[in-house]
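A.B. asks: Fold the following for me, if possible:
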Amino acid sequence: MVKVFVNGNWFGCHRNASKLIEDIKNMRRHQLLPKEISIVRDITKKEIKFFTDSGRVQRPLYIVENNKLKLRKD
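C.D. replies: Below you'll find the predicted structure:
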């Protein structure tokens, strides 16, 4: 069971941290959530932190699945 925080405030608990992070990333990639949301997983503290506040630093990341880049020209 992991504790979930949003912008530093405790939000709740979740039983499957990996699935939660995977779902949030998929929602962000399909533009169901803003791309500015950042995710931090602290395994030792059993915490997941989501940050949605303005002014978040962004950098481009490439998605790789099965050793293939998912980047397309469009």
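
A.B. asks: and the helix or strand containing I48, what does it pack onto?
C.D. replies: Element membership for I48 (DSSP states H and E) is strand 47-51. Helices and strands touching strand 47-51, as assessed by 3 or more C-beta pairs under 8 Å, 6 or more residues apart in numbering; DSSP states H and E, comprise strand 2-6, helix 17-29, strand 38-42. Yep, even glycine has a C-beta here, placed from its N, CA and C like the rest.

A.B. asks: rerun at 10 Å
C.D. replies: Judged by 3 or more C-beta pairs under 10 Å, 6 or more residues apart in numbering; DSSP states H and E, strand 47-51 is in contact with strand 2-6, strand 9-14, helix 17-29, strand 38-42.

A.B. asks: Dump the ones you listed to TSV, plus mean pLDDT, mean neighbour count and distance to L71.
C.D. replies: Shown next, in TSV, are these (pLDDT from 0 to 100; neighbours: other C-beta atoms under 10 Å; distance: least, C-beta to C-beta, whole Å):
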stretch	mean pLDDT	mean neighbour count	distance to L71
strand 2-6	96	17	30
strand 9-14	96	11	30
helix 17-29	93	13	12
strand 38-42	92	13	21
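
A.B. asks: so which of the ones you listed comes closest to N67?
C.D. replies: helix 17-29 (18.5 Å; C-beta to C-beta).

A.B. asks: Now do the closest one: distance to the chain's middle.
C.D. replies: 6 Å (C-alpha atoms, centre = their mean, to the nearest Å).

A.B. asks: circling back to that earlier point, okay, the helices and strands packed on strand 47-51 in a markdown table with distance to K73 next?
C.D. replies: Shown next, in a markdown table, are these (distance: least, C-beta to C-beta, whole Å):
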| stretch | distance to K73 |
| --- | --- |
| strand 2-6 | 35 |
| strand 9-14 | 37 |
| helix 17-29 | 17 |
| strand 38-42 | 27 |
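
A.B. asks: Good, we can wrap up now.
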